Each structure stands twice: as C-alpha cells, then as structure tokens.
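Engineer: predicted model and sequence below, questions to follow.
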Amino acid sequence: MIDINLIRNDKEKVKTNIQKKFQDEKLPLVEEVYELDIKYRESKKKADDLKAEKNRISDEIGALMREGKKEESLSLREKVGELSEEITALETSETNLEEEIKSRMMKIPNIIDESVPIGKDDSENVEIEKFGEPFIRNYEIPYHAEICEALGGLDKDSAGRTSGNGFYYLVGDIARLHEATIAYARDFMINKGFTYCIPPFMIRSDVVTGVMSFAEMEAMMYKIEGEDLYLIGTSEHSMIGRFKGQIIEEKELPIAMTSYSPCFRKEVGAHGLEERGLYRVHQFEKQEMVVLCKPEDAMEWYNKMWSYTVEFFRSMGISVRTLECCSGDLADLKVKSCDVEAWSPRQQKYFEVGSCSTLGDAQARRLGIRMKTENGNQYLATLNNPVVGLCTQIGNWLKSLNFQAKSTLISA
C-alpha cells in the first residue's frame with residue numbers, strides 16, 4: 001500500500017505508475033481516493049473543532065456550577081448534548097470513509113523502481129546475466145518423474161487415493177535427497193549470517209492481506225473452514241507477519257532471516273507434461289530468505305539476496321541466469337523483482353527456481369511495522385527471496401545428472 005500523501009500531492013505519478021503496469025482499469029481508484037480523502041479530512045477537522053467547542057463549553061459549565069449558577073448551565077448542557085450527537089455522527093462518517101479509502105488503496109499498485117523495464121507480461125522480462133554454460137546431452141534425458149519412479153522414490157498414485165491430485169509420497173533415497181537439500185540450503189544461508197527460523201504454517205486473514213494482494217490471496221491460499229486461518233503459501237507470509245504492529249529499534253536493523261516451511265498452494269489451471277511430476281503441486285517445501293531493513297538499504301540487500309540464490313545453484317554445478325521482471329509481471333506490492341532461472345537439460349531451456357523482490361514499505365504499511373529513529377517512527381522496507389523450492393530442485397537435479405544413457409538410468 002502506497003503512502004496516501006502520494007495521491008494528495010502527486011496524483012499523476014500514481015496514475016503513470018498504474019499505466020506502466022498496464023492496469024488502466026485501476027486509474028479511477030486514484031480520483032476516488034483523492035475525493036474521499038478530502039471528505040475524510042473535512043469531516044475530521046469539523047469533528048476536532050466541535051470537540052474543542054464541547055470542551056470549552058464543558059469548562060464553562062463547570063465554572064457556572066462552582067458559582068452556583070445551576071439554571072444558567074442547563075442551556076449549555078443541552079448544547080453539549082447536541083455537540084456530542086454531531087461528533088458521534090462525524091466519527092461514524094470518518095470510520096466509513098477510512099474503510100472506503102483503505103479498500104481502494106489496497107488495490108493501487110506500489111510505485112515501481114525507475115530501473116524496472118516496461119512490458120506487459122513475463123514474455124517481456126529482460127535477461128541480465130548467465131552464470132555457467134548450459135549443457136546439452138547427445139541422448140534423451142528421461143522425465144524427472146520417471147527417474148524418481150525408477151529409483152522407487154515417488155508414489156503419486158497412493159497420494160491420489162489419500163489426498164487427491166497434486167500430492168505425492170517421497171520414498172527412500174529421493175526422500176533422503178529432499179531432506180539433504182533442506183539441510184544444505186539452511187546451512188548455506190546460516191553461513192551468510194541469516195538467522196534460522198521455523199514459523200507457524202497457518203496465519204490469520206489480517207496477516208494474509210498484509211503481505212499480498214487480494215488477487216494473489218484468492219489464487220493461492222487455502223482457507224481453514226470455520227476459522228480465521230489460512231495455510232501459508234510460503235514462509236515469507238509468517239515471517240513478515242511476525243513483526244505485525246511492532247516498532248523496531250533502528251539499531252536492530254537489518255533483520256536477516258532464513259526460514260523453512262511446507263507451502264500449500266491451489267496452483268489453479270492445467271499444466272503441461274514438464275510440470276507434471278513434482279512441479280505445480282499443492283504441497284511442497286521451501287527454504288526462504290526474508291530481510292527487514294532501512295528503506296535506503298533495500299536495494300543493497302536486494303542485490304545480495306538474488307546473488308545468494310545464484311551462488312547456491314552454482315555451488316551444485318547448475319547453470320542459471322537472471323531475468324529482470326518487467327512492469328507488467330510485477331505483483332502489486334513489488335517495487336522491483338528479478339527471477340533466477342536454472343537450465344533444464346531435458347527441456348533445453350531455463351525455468352524459474354527463484355524470484356527476489358523488494359517491496360519497499362508496502363507490507364510494513366499494511367501490517368504497521370515501523371522502526372524507531374531519532375526523527376520519529378518510520379515504516380521500514382521488506383524483501384524476500386527463495387533459497388530453493390525443494391520439489392523444483394529435486395526435479396532439476398535429477399534431470400541434470402550425467403547419465404551415460406537412458407538404459408543405465410532405468411536399470412539403476
């Protein structure tokens with residue numbers, strides 16, 4: 001959520017930003033917020049003036065009572081009653097106007113960084129750099145689900161009976177590989193100075209709407225029926241929510257954390273062969289990095305965080321590249337984002353394994369997270385980036401193995 005002062009003082013900047021994100025349908029929201037804010041401030045000023053008047057008359061009544069002029073105070077008491085009713089009506093109006101403003105502000109996208117390339121969707125993302133040379137085998141590499149099944153490590157049929165499509169059992173060495181990946185990613189980030197955390201795997205609705213847009217929530221989140229709880233889609237949700245309503249001493253920043261969690265996602269829509277197996281599933285596990293810092297330090301942390309993902313994959317000999325996300329591919333809360341993509345020797349193309357984002361103070365505003373400075377309390381910046389998504393990485397590892405021939409694999 002942006003600072004409302006941007007709309008008060010520079011509506012055109014906000015509108016231009018919406019146009020850069022190709023969301024012209026949201027342009028009317030800016031004028032609506034602007035007009036509602038005028039009404040809100042007028043109502044608040046009138047209420048404040050009436051409260052001052054009420055206090056003045058109340059003091060006058062007190063003086064009259066001390067002087068024994070009871071009858072003279074009666075008409076003033078009636079006036080106080082009338083003022084109280086009017087103040088109550090104005091406060092109700094203020095509350096309603098606040099809700100109207102907030103509901104619209106939550107839909108207005110964050111101001112993107114000037115360096116973000118302009119484009120309608122992910123097809124217009126810009127390649128920045130490649131790390132390591134992609135390799136191409138002179139034989140057909142089996143689909144990763146085939147490899148897992150050949151090793152007795154994947155059972156989706158049983159998971160279908162217990163849980164439905166989009167779930168799986170990992171067995172034996174594949175399950176061990178899964179756990180080893182978690183441990184390696186965890187220790188990799190601890191060695192970078194991040195504090196390891198395991199967060200709650202369910203969060204309340206006010207945290208959900210604090211960390212993501214309504215559209216993202218509807219597309220991703222599973223709600224617990226009959227309770228104000230959602231299963232997390234990533235540990236970032238819980239980790240940022242941990243600081244909801246808190247004021248953090250400036251000297252305690254930055255706060256750099258790496259968190260493990262299962263992730264639960266609807267993953268709505270049909271997917272092709274290469275996203276069968278362990279891709280686009282409803283449950284997987286992920287190691288995340290989350291940073292809270294001063295706004296002026298956000299870009300430095302952003303560059304550190306995506307470079308850590310690159311370093312992690314390169315440490316395993318996997319070729320990767322980074323893509324700058326264009327304006328139309330940015331979620332509404334994001335200021336800037338880049339994807340890290342790993343080379344798939346089977347598909348002979350790169351595919352996303354991580355997305356590093358700086359969100360400015362958008363999440364902090366929604367959740368009321370501030371830092372205490374010499375100049376008063378200020379909103380801080382938040383950033384997030386996956387270290388590794390476990391199912392994605394296992395599939396990539398298996399496809400990247402240097403098998404001499406498919407027959408060798410299947411007999412293994």
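Structural biologist: Perfect, I can see it now. Numbering: from 1, shown residues only.
Engineer: which SS state does the closest residue in space to residue 349 that isn't next to it in sequence fall under?
Structural biologist: Using Cβ to Cβ, 6 or more residues apart in numbering and skipping residues adjacent in sequence, the residue nearest residue 349 is residue 343, 7.7 Å away. To be clear about C-beta, it is placed using only N, CA and C from the backbone, and glycine gets the same treatment. With DSSP: H, G, I helix; E, B strand; the rest coil as the basis, residue 343 sits in strand.
Engineer: if I pick residue 343, what's in contact with it?
Structural biologist: 132, 134, 135, 318, 319, 320, 321, 349, 350, 400 (Cβ atoms under 8 Å, 6 or more residues apart in numbering).
Engineer: please render the residues you listed as JSON lines that adds neighbour count to the earlier fields.
Structural biologist: Shown next, in JSON lines, are those (neighbours: other Cβ atoms under 10 Å):
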{"residue": "132", "neighbour count": "15"}
{"residue": "134", "neighbour count": "16"}
{"residue": "135", "neighbour count": "12"}
{"residue": "318", "neighbour count": "21"}
{"residue": "319", "neighbour count": "19"}
{"residue": "320", "neighbour count": "22"}
{"residue": "321", "neighbour count": "18"}
{"residue": "349", "neighbour count": "11"}
{"residue": "350", "neighbour count": "19"}
{"residue": "400", "neighbour count": "21"}
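Engineer: from those, which ones fall inside strands?
Structural biologist: Judged by DSSP state E, strands contain the following of the contacts of residue 343: 320, 321, 349, 350.
Engineer: now those residues as a markdown table including pLDDT and distance to residue 39?
Structural biologist: A markdown table is the format used below for those (pLDDT from 0 to 100; distance: Cβ to Cβ, whole Å):
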| residue | pLDDT | distance to residue 39 |
| --- | --- | --- |
| 320 | 94 | 52 |
| 321 | 96 | 50 |
| 349 | 88 | 53 |
| 350 | 91 | 51 |
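Engineer: farthest pair within these?
Structural biologist: Greatest spacing in the ones in strands among the contacts of residue 343, by Cβ to Cβ: 320 and 349 (12.6 Å).
Engineer: could you say which helix or strand holds residue 179?
Structural biologist: helix 172-190 (DSSP states H and E).
Engineer: what number of residues lie near residue 250?
Structural biologist: Residue 250: 14 surrounding residues under other Cβ atoms under 10 Å.
Engineer: isn't it up against residue 376?
Structural biologist: No: the criterion here is Cβ atoms under 8 Å, and residue 250 misses it with residue 376 at 10.9 Å.
Engineer: how about residue 323, secondary structure?
Structural biologist: strand.
Engineer: what's stretch 365-380 in contact with?
Structural biologist: Stretch 365-380 has contacts (Cβ under 8 Å, 6+ apart) with 1-3, 106, 207, 209-211, 240-241, 243-250, 253, 292-295, 361, 363-364, 382.
Engineer: nope, stretch 21-33 is what I was after
Structural biologist: 4, 7, 11, 14-15, 18-19, 101, 104-105, 107-109, 112, 120, 327-328, 330, 332.
Engineer: try stretch 63-76
Structural biologist: Against stretch 63-76 from outside (Cβ under 8 Å, 6+ apart): 57, 60, 61.
Engineer: what residues of it count as buried?
Structural biologist: 64, 73 (16 or more other Cβ atoms under 10 Å).
Engineer: C-alpha coordinates for stretch 160-176, CSV please?
Structural biologist: Taking Å, rounded to 0.1, in the frame of the first residue of the first chain, the C-alpha atoms of stretch 160-176 are listed here in CSV:
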residue,chain,number,x,y,z
GLY,A,160,-4.0,-39.5,-5.1
ARG,A,161,-6.0,-42.0,-3.0
THR,A,162,-5.2,-40.3,0.2
SER,A,163,-5.2,-36.6,-0.8
GLY,A,164,-6.1,-36.2,-4.5
ASN,A,165,-4.2,-34.8,-7.5
GLY,A,166,-1.3,-32.5,-6.8
PHE,A,167,0.1,-34.5,-3.9
TYR,A,168,2.9,-37.1,-3.6
TYR,A,169,4.9,-39.5,-1.4
LEU,A,170,8.7,-39.3,-1.5
VAL,A,171,10.3,-42.6,-0.6
GLY,A,172,13.8,-43.9,0.2
ASP,A,173,16.8,-42.1,-1.4
ILE,A,174,14.6,-39.5,-3.0
ALA,A,175,13.2,-38.6,0.4
ARG,A,176,16.7,-38.5,1.8
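Engineer: averaged pLDDT, that stretch. What do you get?
Structural biologist: Across stretch 160-176, the average pLDDT comes to 91.
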